[in-house]
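Visitor: Kindly generate the corresponding structure for this input.
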Amino acid sequence: MTSRMPDAWYRSKAAELYHRGGDVEIDPDAAVSRGDDPASSRGAYVQAWVWVDDPEPAAEAEPRMRP
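Guide: Below is the predicted model of the structure:
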């Protein structure tokens, strides 16, 4: 059974379930992709932005001495 819900419904549901301001964002025009297998596809993927922090700078164990 393939899904018959419109793309806007999936975007709205994705935002409702997963949106966390600054961490997970769903754009109003995010891409929606339904599964390829019509027999088992009962949903869709919705494009999202996920924030990833830079690593913390490594602190030097011991100060370096100049020659």
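
Visitor: alpha carbons only for contacts and neighbour counts from here, please
Guide: OK.

Visitor: pLDDT score for the most centrally placed residue in the chain?
Guide: Nearest to the centroid of the C-alpha atoms of the chain, with distances taken as Cα atoms, centre = their mean, sits residue 48, at 3.6 Å. pLDDT recorded at residue 48 is 97.

Visitor: can you count the residues close to residue 46?
Guide: 20 (other Cα atoms under 10 Å).

Visitor: Kindly state the beta-bridge partners for it.
Guide: Note on residue 46: beta-bridge partners residue 32, judged by DSSP bridges.

Visitor: who's in contact with it?
Guide: 10, 11, 14, 26, 30, 31, 32, 33 (Cα atoms under 8 Å, 6 or more residues apart in numbering).

Visitor: if I look at it, how far off is residue 8?
Guide: As judged by Cα to Cα, to the nearest Å, residue 46 and residue 8 stand 10 Å apart.

Visitor: before we move on, back to that, the contacts of residue 46, buried ones only, as a PyMOL selection?
Guide: Here is the PyMOL command that selects the buried residues among the contacts of residue 46 (16 or more other Cα atoms under 10 Å):
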select buried, resi 10+11+14+26+30+31+32
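
Visitor: about what we covered before: spatially nearest residue to the residue nearest to the centre of the chain, not counting backbone neighbours?
Guide: residue 26 (4.8 Å; Cα to Cα, 6 or more residues apart in numbering).

Visitor: need the contact list for that neighbour.
Guide: Here residue 26 is in contact with 11, 14, 15, 19, 46, 47, 48, 49 (Cα under 8 Å, 6+ apart).
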